[in-house]
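Visitor: build me a model:
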Amino acid sequence: MRGLKITQETVSMSHSFKHLLSQGRIGSMELQNRIVLAAMGSNFATQDGHCSERLIAYYEARAKGGAGLLVLETSAACFPNGSTMPNTVAFSHDKFLPGLTELAERVHQHGTKIVAQLNHGGKMAQEDTAAGRPIPVPSPLKRAASDMFQVLTQQEIGHFIKAAGPDGKGPQYYEMTERDIADTVVQFTDAALRAKKAGFDGIEIHAGHGYLLASFLSPYTNKRDDRYGGSRENRARFLTEMIAAIRGAAGADFSLLVRLDAMEY
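Guide: Numbering: from 1, shown residues only. This next block holds a predicted model:
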C-alpha cells in the first residue's frame, strides 16, 4: 500500500481493519484507504496567507503516515476577509498558487488525496474584528453573552479571542444584500478553481460552526424575509447556489464536499 511502511504490524492491522484500510471512493475521487484527516487549524501559514514550509511539511507527514485523504484546515476563500484565526491559508488570489501547488504535489507523492476546505467565518471571523473590517451576516444580530471564556485559558483568550477590535467597540456587522451574496458565490467559485489549478483533488465548503453559510442555514440567525430567508429551501439557497456555481465551473470530476452541523450549540 503506497504511503505505508509494510511491517508485520501493518499486515496484522490490514487483517484487523480490512474495511478501514481498503480502497474507498468519494464521487470520482479514489482513495488508497478510508482514513481521513479532518480539517484542524495549525496556524502554520504565513501571516499574509501563504503556505509556509512548516505547513507543507506538516501535511506531507500526515500523507507519509498513510492517510487516504487530507482535508486542509479551514482556509479563507475571500482572504483576508472571513478569516477565523491568525495565519490562515488563503485562496483569494493567484499569488498563493505556488505554495498551494507545492502542498498538493508533496501530499500526492505518498498516494494521498487532498481537498481544500473553503470558508468565510461570518460572525465568527475574528480576524475581521481585529482589523476593524465590517462582517457580513444574514440578519442583524442581537448581542448576547458568551460562555466561551469559561473554558479558555488567559493565554488562549489573548491569542484567539480579539472581541474588542481596534476601536474597542467589538465586531461591526452588516446585513448582506443579494448582490453581496452573489459576489461571495463568485469568490468561492474562483477559490475552488484556484484549488483545482493548484492540483487539489476537490474542495470542502464549510457550512457549519456558526460560520457565514451556517448562519444562513440557521433559523436562529437568519431572519430574512427575501428569497434567502424563511423556509428551509430559502435558507439553504446561498449554499445550493454556491454548490451549483462551483460544480458548473469546476466540472463533474472535481470532488465537492460540504461540512454541515449535526446540531447547533
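
Visitor: state the pLDDT value of the nearest residue to residue 236 once chain neighbours are set aside.
Guide: With C-beta to C-beta, 6 or more residues apart in numbering as the criterion, residue 236 has its nearest non-adjacent residue at 6.1 Å, and that residue is residue 217. For glycine as for every other residue, the C-beta is placed from the backbone atoms N, C-alpha and C. Residue 217 is assigned 97 on the pLDDT scale.

Visitor: against residue 60, how distant is residue 217?
Guide: In this view, residue 217 and residue 60 are 34 Å apart by C-beta to C-beta, to the nearest Å.

Visitor: and if you look at residue 138?
Guide: Relative to residue 60, residue 138 is positioned 38 Å away (criterion: C-beta to C-beta).

Visitor: can you pull out the strands in this structure?
Guide: Remark: strands assigned in the chain by DSSP state E are 24-26, 29-31, 36-37, 69-71, 75-76, 113-119, 135-137, 173-175, 202-207, 255-260.

Visitor: for the fourth one, which strands pair with it and how are they oriented?
Guide: When you say that, I think you mean strand 69-71. Strand 69-71 pairs in its sheet with strand 36-37 (parallel), strand 113-119 (parallel), by DSSP bridges.

Visitor: the longest one versus strand 202-207: what angle between them?
Guide: Same thing as strand 113-119. Counting by axes from the mean of the first three to the mean of the last three C-alpha atoms, to 10 degrees, strand 113-119 points 30 degrees away from the direction of strand 202-207.

Visitor: before we move on, back to that, most tightly surrounded among the strands paired with strand 69-71?
Guide: Comparing the strands paired with strand 69-71 by mean neighbour count (mean count of other C-beta atoms under 10 Å), strand 113-119 ranks first with a mean of 26.

Visitor: chain center to that one, what's the gap?
Guide: How far strand 113-119 lies from its chain's middle: 6 Å, per C-alpha atoms, centre = their mean, to the nearest Å.

Visitor: rounded mean pLDDT for it, please.
Guide: Here strand 113-119 scores 98 as its mean pLDDT.

Visitor: can you put the strands paired with strand 69-71 in CSV and add distance to residue 224?
Guide: Converted to CSV, the strands paired with strand 69-71 look like this (distance: least, C-beta to C-beta, whole Å):
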stretch, distance to residue 224
strand 36-37, 34
strand 113-119, 21
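
Visitor: any stretches of the stretch 101-250 of the chain with poor pLDDT?
Guide: Counting by pLDDT under 70, the ranges of the stretch 101-250 of the chain that qualify are 143-149, 156-164, 168.

Visitor: still on that earlier bit, out of the strands of the chain, which is closest to residue 125?
Guide: strand 135-137 (5.5 Å; C-beta to C-beta).

Visitor: tell me the bridge partners for the residue nearest to residue 26 when sequence neighbours are not counted.
Guide: Closest residue to residue 26 apart from its sequence neighbours, by C-beta to C-beta, 6+ apart: residue 255 at 5.6 Å. With DSSP bridges applied, residue 255 shows beta-bridge pairing to residue 202.

Visitor: pLDDT wise, what is residue 255 at?
Guide: Looking at residue 255, its pLDDT is 96.

Visitor: ok, it to residue 22 distance?
Guide: From residue 255 across to residue 22, the span is 19 Å (C-beta to C-beta).

Visitor: do the same with residue 16
Guide: 12 Å.

Visitor: between those two, which is the more surrounded one?
Guide: residue 22 (14 against 9; other C-beta atoms under 10 Å).

Visitor: the helices in the stretch 151-265 of the chain, which residues?
Guide: Using DSSP state H, counting those that start in this stretch, the helices of the stretch 151-265 of the chain run over 154-160, 178-198, 212-217, 232-235, 237-250.

Visitor: what about stretch 225-243, distance to the chain center?
Guide: The answer for stretch 225-243 is 20 Å, by C-alpha atoms, centre = their mean.

Visitor: ignore what I typed, I meant stretch 63-75.
Guide: 13 Å.

Visitor: just the terminal-to-terminal distance for that stretch.
Guide: End-to-end distance for stretch 63-75, by C-alpha to C-alpha, to the nearest Å: 19 Å.
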